[in-house]
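Just need the structure, nothing else, for what follows:
(one chain, ligands or ions: 3)
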Amino acid sequence: MDPFQPTRDDRFSFGLWTVGNPGRDPFGEPVRESVKPTQLVAKLAECGAWGVNLHDNDLVPFGASAQERDRIVADFKSALDDHGMVVPMATTNLFSHPAFRDGAFTANDPAVRAFALQKSMDAIDLGVELGARTYVFWGGREGSEADACRDPREALRRMRAAIDYLCAYVKDQGYDLVFALEAKPNEPRGDIYLPTTGAMLAFIASLEHGEMVGVNPEVAHEHMAGLSFVHAVAQAMEVDKLFHIDLNAQRIGRYDQDLRFGSEDLKQAFLLVRLLEGTSGTARYEGPRHFDAHAYRSEDLEGVWDFARGCMRTYKILVERARAFDADPEVQALIAEERDAKLEGLCAGYERERATTLRGLDLDPAALGRRGKQWERLDQWMTEHMLGARS
Ligand code: GCO
Ligand code: MN
Ligand code: MN
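Ligands and ions are numbered 1, 2, ... in the order given. Take a look at the predicted model:
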């Protein structure tokens with residue numbers, strides 16, 4: 001059996017908007033025909049995916065009548081059942097309609113803000129009906145070009161009011177649902193509010209129902225800002241706020257590329273998989289492994305499935321490589337922490353007497369500064385594990 005063939009246990013998911021992406025870009029028309037959501041479900045199941053995520057309007061067209069909505073949802077549910085697929089996450093499209101040209105929750109016009117709440121409550125109902133347990137908020141249009149138009153502090157207050165409102169709605173309905181906030185520095189806006197995962201984490205601490213809100217970091221978004229995605233994810237995990245994740249690939253300094261997972265930033269991808277899977281003995285991320293990416297515009301429909309299979313296959317190969325790396329006794333010996341119980345005790349928490357002892361220690365900075373760390377060797381071994389030259 002192919003060890004890299006995905007199974008349901010891997011919990012791989014794709015958005016309808018990812019494998020359904022027709023290849024439209026700012027410079028050109030779609031290059032692929034649109035595929036019905038029910039067909040996407042069938043094909044994803046065939047490729048070994050476990051879940052499918054959606055924006056309200058990926059499934060139910062904007063403005064559909066109640067009967068039309070119910071018929072579409074019923075057909076979609078049968079497709080999920082037929083193919084053993086689940087909907088782990090859902091979200092609202094608060095960026096395509098012209099009404100959201102200057103934001104949704106942060107728009108200056110209260111009617112736009114009211115419409116955004118209305119649309120979100122409907123979309124939350126839809127997500128819950130389909131079984132979603134996580135609800136993502138990506139504020140695509142929540143930003144500005146002409147910054148004088150609104151005080152950014154007011155934008156943050158409006159964003160907070162909207163998330164607090166929708167948390168209260170979820171509680172009032174008794175839904176078993178948590179929120180995951182997704183940061184992005186820019187695109188489609190010149191600047192998007194709350195541009196990084198770190199900014200989102202600070203924002204969450206200011207919410208009324210912060211306990212039900214976490215983050216949905218995306219590889220591309222953190223890399224667009226030139227930051228370490230692994231560090232962002234680690235920070236979220238460290239405070240139990242990694243509720244969801246958007247996997248893809250991105251080169252620093254480019255537009256939002258949404259490339260096949262692992263296709264550009266292999267070393268970051270390796271370190272990310274190592275972190276998520278906890279192969280070094282740390283806690284594992286148990287949520288969905290979601291790919292928010294799409295096939296190159298050069299591809300036809302067959303290429304879309306090459307893309308989808310590639311995302312999952314690369315992830316699984318990296319799991320195997322990360323396990324081998326962490327099981328390597330020489331690697332383990334090299335990164336074994338330099339421990340000293342007495343010193344650690346003295347540094348752990350201020351206490352007047354211990355501080356006096358600590359200040360009296362005869363530490364030797366010159367000796368500390370002379371000692372090399374051998375991280376060149378470590379990083380080379382990691383490269384060799386990644387390339388399959390060391391096992
Ligand atoms: C993007 C975003 C989106 C969101 C999606 C779900 O850059 O377009 O990543 O794909 O993840 O809207 O909220
Ligand atoms: Mn994105
Ligand atoms: Mn995303």
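
three-state assignment of the nearest residue to A132 once chain neighbours are set aside?
Closest residue to A132 apart from its sequence neighbours, by CB to CB, 6 or more residues apart in numbering: A90 at 4.1 Å. (C-beta placed from N, C-alpha, C; glycine too.) Three-state call for A90 (DSSP: H, G, I helix; E, B strand; the rest coil): strand.

Tell me where the chain has strands.
12-15, 51-55, 89-91, 134-138, 143-144, 178-182, 191-192, 213-215, 246-247, 289-291 (DSSP state E).

Could you export these as CSV, including mean pLDDT?
Compiled in CSV, the strands of the chain are given as follows (pLDDT from 0 to 100):
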stretch, mean pLDDT
strand 12-15, 98
strand 51-55, 98
strand 89-91, 99
strand 134-138, 99
strand 143-144, 98
strand 178-182, 99
strand 191-192, 98
strand 213-215, 99
strand 246-247, 99
strand 289-291, 98
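
Next, format those as JSON lines and append mean neighbour count.
Below are these laid out as JSON lines (neighbours: other CB atoms under 10 Å):
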{"stretch": "strand 12-15", "mean neighbour count": "26"}
{"stretch": "strand 51-55", "mean neighbour count": "26"}
{"stretch": "strand 89-91", "mean neighbour count": "27"}
{"stretch": "strand 134-138", "mean neighbour count": "23"}
{"stretch": "strand 143-144", "mean neighbour count": "22"}
{"stretch": "strand 178-182", "mean neighbour count": "23"}
{"stretch": "strand 191-192", "mean neighbour count": "18"}
{"stretch": "strand 213-215", "mean neighbour count": "25"}
{"stretch": "strand 246-247", "mean neighbour count": "26"}
{"stretch": "strand 289-291", "mean neighbour count": "27"}
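
Show me what the mean pLDDT comes to for stretch 299-306.
Stretch 299-306 carries an average pLDDT of 98.

Can you give me the buried ones in it?
Within stretch 299-306, the residues that count as buried by 16 or more other CB atoms under 10 Å are 299, 303-305.

want to throw the strands of the chain into CSV with distance to ligand 1?
Shown next, in CSV, are the strands of the chain (distance: least, CB to the nearest ligand atom, whole Å):
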stretch, distance to ligand 1
strand 12-15, 7
strand 51-55, 6
strand 89-91, 4
strand 134-138, 3
strand 143-144, 12
strand 178-182, 5
strand 191-192, 10
strand 213-215, 12
strand 246-247, 5
strand 289-291, 9
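
Would you mind giving those strands as TSV with distance to ligand 3 added?
Converted to TSV, the strands of the chain look like this (distance: least, CB to the ion, whole Å):
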stretch	distance to ligand 3
strand 12-15	8
strand 51-55	10
strand 89-91	9
strand 134-138	6
strand 143-144	15
strand 178-182	5
strand 191-192	12
strand 213-215	12
strand 246-247	4
strand 289-291	8
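
on that earlier part again, could you give the bridge partners of the residue nearest to A132?
L54, Y135 (DSSP bridges).

List the contacts of it.
Shown in contact with A90 (CB atoms under 8 Å, 6 or more residues apart in numbering): 53-56, 123-124, 126-127, 130, 132, 134-136.

now with 6 Å?
Applying CB atoms under 6 Å, 6 or more residues apart in numbering to A90 gives the contacts 54, 127, 132, 135.

Enumerate the residues of the stretch 251-391 of the chain near ligand 1.
Contact residues, the stretch 251-391 of the chain versus ligand 1 (CB under 6 Å from any ligand atom): 256, 292.

Just give me the neighbour total for whatever residue of the stretch 251-391 of the chain ends up closest to ligand 3.
Proximity of the stretch 251-391 of the chain to ligand 3 (CB to the ion) peaks at D292, 3.8 Å away. By other CB atoms under 10 Å, 25 other residues sit near D292.

now the helices for the stretch 51-200 of the chain?
For the stretch 51-200 of the chain, helices defined by DSSP state H, counting those that start in this stretch occupy the ranges 56-59, 66-83, 110-129, 152-173, 197-204.
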